[in-house]
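> Fold the following for me, if possible:
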Amino acid sequence: MPKVPLTFACGLTDRMNALYTGEVQAEGIDLNFLAIHHPRDVFDRMVGNQEFDASELSASEYITRYVAGDRTFIAIPAFPSRTFRHGFIAVNDRTVQKPADLAGKKIGVQLYTMTAAVWIRGLLEQQGVDLSGVQWIEGAMETPQAHGQPSALPTLKLVSIVRNSSGKSLSQLLEDGEIDATIGADLPPCLGKAPHVKRLFSDFKEVEKQYWRDFGIFPIMHLVVLRREYYEKHRFAATSLFNALNESKEIAYKRMRFLGALQFMLPWLANELDEIEEVFGGDPWPYEVEPNRKTLEALVAFLFQQGMIEKTVAVDELFAPVKKQFMKVG
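As a prediction, this is how the structure comes out:
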């Protein structure tokens, strides 16, 4: 029986490499893997034009559309991108020395609705920070332009969001003292150059480790979606692609731990691996819903609290059913 063609767009990270090279095969699928470096390009092309059969997609963008009744896509529980976000809050330390100081300030953000920003606002509000009076300035971190061409849904509650029309990047605005902080998926280039621009949490790694210990959350940024039209024609593809993604990730995890020849340009990788084991007690990057339930439920709760969805939703409902294949990665 001939294989079914499937075009998949995603960043080429370590966990995707074995799938990209063909070392891992998705059963019954003739895979065309398009490696696209910048996630925003993938998201805009998928949401705006449905250019791919499957792709990496912003978790918040998918969930907000799903809850609003848009069933254009169906997700599978594979999570290509996760990042702790305490370290992605940069501040002008002349006006902000502690989290509570962010109340009522001007804060730059690439996109108010981006998943990184949702997590950052959520973790700040968990600490009791009042963000209700913040003015959010949207724009690119390194240029005066917008951050991509997103088609995100509007927020459901009144939030002060203005586009950056200053002719400066968010980084330059922060350096010049015209905004008090930036949050998002990237740090401003002025960090480390301008003496008054600092991370809000200077010891962010320890703070993030404690966040994991306290909440059991390693924030998910992106998931994988199929066009629903494609999924309805080829239901098996959800399980097939999920298992291929999972196998590719497992291969990367095993190779990362081979220290005879370092897989990554990290001189103290052995120490990092010991620390990962100490903190997580195993693979920090599991796929499937169940091992990620706390994280997914927290994201849904933050989206609701921040007025981006009108109601919460059971996380199982967000994903196509998949049957995990037992594999032995040799």
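
> which secondary structure element contains the residue nearest to Pro219 when sequence neighbours are not counted?
In space, Pro219 comes closest to Trp119 once its chain neighbours are excluded; the distance is 4.6 Å by C-beta to C-beta, 6 or more residues apart in numbering. Where C-beta positions appear, they are placed from N, C-alpha and C, glycine not excepted. Applying DSSP states H and E as the criterion places Trp119 in helix 115-126.

> Buried residues, that helix. List them.
By neighbour count, and taking 16 or more other C-beta atoms under 10 Å as the criterion, the buried residues in helix 115-126 are 115-125.

> what about it, distance to the chain center?
Average the C-alpha atoms of helix 115-126, do the same for its chain, and the two points are 12 Å apart (C-alpha atoms, centre = their mean, to the nearest Å).

> what does it contact?
By C-beta atoms under 8 Å, 6 or more residues apart in numbering, the residues outside helix 115-126 that reach it are 58-61, 83, 85-86, 88-89, 99, 102, 109-111, 131, 183-185, 211, 219-222, 298-299, 301-303, 305-306, 308.

> Now the helix ranked longest in the chain: buried residues?
Selection of the longest helix in the chain by residue count, based on DSSP state H, yields helix 236-256. When neighbours are counted by 16+ other C-beta under 10 Å, the buried residues of helix 236-256 are found to be 237-253, 256.

> How about stretch 212-225?
Neighbour-count burial for stretch 212-225, with 16+ other C-beta under 10 Å as criterion, is recorded at 217-225.

> Kindly report the same for stretch 191-203.
Taking 16+ other C-beta under 10 Å as the basis for neighbour counts, the residues of stretch 191-203 that come out buried are 191, 194, 197-201.

> Val162 contacts Gln135, doesn't it?
Yes. Counting by C-beta atoms under 8 Å, Val162 touches Gln135, with 6.8 Å between them.

> okay, these two: which has more neighbours?
Gln135 (14 against 11; other C-beta atoms under 10 Å).

> Nearest residue to the spatially most central residue of the chain in space, ignoring adjacent ones along the chain?
Within the chain, one residue has its C-alpha closest to the average C-alpha position: by C-alpha atoms, centre = their mean, that is Met221, at 1.6 Å. If the residues on either side of it in the chain are set aside, Met221 comes closest to Ser81, at 4.0 Å by C-beta to C-beta, 6+ apart.

> Mind listing the residues bridging to the one you found?
Here Ser81 sits in beta bridges with His222, as judged by DSSP bridges.

> That one against Glu56, yeah?
Yes. The pair Ser81 and Glu56 qualifies as a contact (C-beta under 8 Å) at a distance of 7.2 Å.

> Please, where are all the helices along this structure?
Counting by DSSP H, one finds helices in the chain at the ranges 17-21, 39-49, 59-67, 115-126, 170-175, 204-215, 228-233, 236-256, 269-280, 293-305.

> quick one, phi psi at the spatially closest residue to Phe236 that is not a sequence neighbour?
Spatially, and ignoring its direct neighbours in sequence, Phe236 is nearest to Gly28 (6.1 Å; C-beta to C-beta, 6+ apart). The main-chain torsion angles of Gly28 are listed as degrees, to the nearest 10 and equal phi 80, psi 10.

> Does Gly28 touch Ser240 like I think?
Yes. Counting by C-beta under 8 Å, Gly28 does reach Ser240; the two are 5.5 Å apart.
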